[in-house]
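A.B. asks: can't give you the sequence, but here's the structure:
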């Protein structure tokens, strides 16, 4: 395990190893000169604008239910130890560890870029997913409001969307989401990994508490927004025993759909998660890693299409059976997807076009 002289307060990763594309590798180590009373330091969050050329990210993955997404931010201040987006920070010359949650990039031109892309000749309207990589409602959104600006563009041109978050900040935008849901243009998912506040604080240090997320589910549902719960990731031996209780509480709050993803540990995440696990839950670290490998053919991770989201083997099969039974018991997934209407989309006018006098 990498040495960390003093764990930073309020952060998830325990280290900050150099990204995989860097020539020079740097890692903290104990040279014997640290004082015994060395106190944990607080790491500041640094924000940098990213001058993106496009805002719609396309994918052709056969096991993802959307072909385009919008991510207003790179990196995520929530600091979830298991986040599958962490390795992408290496493309920025930064560490998927502490850098990922403290050196963040925002896209100030996101709304303008989106309007431009929607007006391109031949653009075909399909549901766009907001938050497919990093959380669109992480703490910096409260100040920057980029996600809300994106929602305003989609609302203006009747473009359907789905959004996923583990932040209660989504209720700020319930006015837009409810208005769009009434026209069958919007649906939302709230990720709830545990009801144990202590575990949530350790795994997801800057995300909303479980109760706040359940309250967000209720607020969205009460406003008429189709809302689901994401039990993601399911971590065998750590939080999987809570699957049924999370689904039950979410259904009581108004969720009508649910999904789960078995923990994925690609690239740097396997070392970062193991490091966190050995520090935060040393009594069960070996058992948890053993169960994870049992869902991945004896490895830390298997990236095979079609099985990477759920895993394989008896442990993964049991998770899937429990999930199906719980959904049936609590009335979830009677309709598999949140249906949206693409026929209402209006192409944004290009610069110089005359706006209709009659709306």
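C.D. replies: Cool, got the structure. Everything numeric here is computed off the predicted structure, so don't read it as measured data.
A.B. asks: need phi/psi at residue 278.
C.D. replies: Dihedral pair for residue 278: phi -70, psi -30, per degrees, to the nearest 10.
A.B. asks: gap between the closest residue to it other than its chain neighbours and residue 258?
C.D. replies: Leaving aside its sequence neighbours, residue 278 sits nearest to residue 285 (CB to CB, 6 or more residues apart in numbering; 4.7 Å). Any C-beta I mention is one placed from the backbone N, CA and C, and that applies to glycine too. As for residue 285, its distance to residue 258 is 28 Å (criterion: CB to CB, to the nearest Å).
A.B. asks: now do residue 128
C.D. replies: For residue 128, the distance to residue 258 - CB to CB - is 22 Å.
A.B. asks: mind listing what the nearest residue to residue 50 once chain neighbours are set aside touches?
C.D. replies: In space, and not counting its chain neighbours, residue 50 is closest to residue 105: 4.2 Å by CB to CB, 6+ apart. By CB atoms under 8 Å, 6 or more residues apart in numbering, the contact set of residue 105 is 47, 48, 49, 50, 73, 74, 75, 92.
A.B. asks: so residue 69 is in contact with residue 59, correct?
C.D. replies: Yes - Residue 69 is within contact range of residue 59, at 7.2 Å (criterion: CB atoms under 8 Å).
A.B. asks: between the two, which contacts overlap?
C.D. replies: residue 132.
A.B. asks: the two: who's more crowded?
C.D. replies: residue 69 (22 against 12; other CB atoms under 10 Å).
A.B. asks: what pLDDT does the model give that one?
C.D. replies: In this model, residue 69 is scored at 97, pLDDT.
A.B. asks: secondary structure element holding the closest residue to it other than its chain neighbours?
C.D. replies: Among residues not flanking residue 69 along the chain, residue 132 sits closest, at 3.5 Å (CB to CB, 6+ apart). Counting by DSSP states H and E, no helix or strand carries residue 132.
A.B. asks: next one: phi and psi at residue 132?
C.D. replies: Torsion angles, degrees, to the nearest 10, at residue 132: phi -70, psi -20.
A.B. asks: and it, what is it in contact with?
C.D. replies: 57, 59, 64, 66, 69, 70, 71, 164.
A.B. asks: out of those residues, who's the most crowded?
C.D. replies: Going by other CB under 10 Å, residue 70 tops the contacts of residue 132 with 27 neighbours.
A.B. asks: surely that one touches residue 110?
C.D. replies: Yes - Residue 70 is in contact with residue 110 according to CB under 8 Å; the separation is 7.1 Å.
A.B. asks: would you mind finding the longest helix in the protein?
C.D. replies: helix 313-329 (DSSP state H).
A.B. asks: what residues does it touch?
C.D. replies: Against helix 313-329 from outside (CB under 8 Å, 6+ apart): 231, 234, 236, 240, 243-244, 247-248, 258, 260, 262, 291, 294-295, 297, 310-311, 332-333.
A.B. asks: can you check stretch 280-294 too?
C.D. replies: By CB under 8 Å, 6+ apart, stretch 280-294 touches 202-203, 235-238, 263, 265, 274, 277-278, 299-300, 313-316.
A.B. asks: packing partners of the helix or strand bottoming out on mean pLDDT in the chain?
C.D. replies: Using mean pLDDT, DSSP states H and E, the weakest-scoring helix or strand in the chain turns out to be strand 56-58, at a mean of 94. Helices and strands touching strand 56-58, by 3 or more CB pairs under 8 Å, 6 or more residues apart in numbering; DSSP states H and E, are strand 68-70.
A.B. asks: can you tell me how far the closest residue to residue 214 other than its chain neighbours sits from residue 100?
C.D. replies: Spatial nearest neighbour of residue 214, chain neighbours left out: residue 253 (5.0 Å); criterion: CB to CB, 6+ apart. Computed with CB to CB, the distance linking residue 253 and residue 100 is 30 Å.
A.B. asks: just for this protein, where's the confidence low?
C.D. replies: The model of the chain has pLDDT under 70 over residues 1-7, 23-40, 351-359.
A.B. asks: show me where the stretch 251-359 of the chain has its strands.
C.D. replies: Counting by DSSP state E, counting those that start in this stretch, the segments of the stretch 251-359 of the chain that form strands are 257-262.
A.B. asks: before we move on, which element is residue 117 in?
C.D. replies: helix 110-118.
A.B. asks: what does that helix rub up against?
C.D. replies: 52-56, 70, 72, 107, 123, 146, 149-150, 152-154, 157, 159, 347-348.
A.B. asks: from the residues you listed, list just the buried residues.
C.D. replies: 52, 55-56, 70, 72, 107, 146, 149-150, 153-154, 157, 159, 348 (16 or more other CB atoms under 10 Å).
A.B. asks: test my guess that residue 43 contacts residue 12.
C.D. replies: No - the criterion here is CB under 8 Å, and residue 43 misses it with residue 12 at 11.2 Å.
A.B. asks: so these two - more neighbours on which side?
C.D. replies: Legend: neighbour count by other CB under 10 Å for residue 43 and residue 12, higher for residue 12 (28 against 17).
A.B. asks: give me the neighbour count for the closest residue to the more buried one other than its chain neighbours.
C.D. replies: Spatial nearest neighbour of residue 12, chain neighbours left out: residue 79 (3.4 Å); criterion: CB to CB, 6+ apart. Using other CB under 10 Å, residue 79 has 23 neighbouring residues.
A.B. asks: so residue 79 sits against residue 8, correct?
C.D. replies: No - using CB under 8 Å, residue 79 is not in contact with residue 8; the gap is 9.6 Å.
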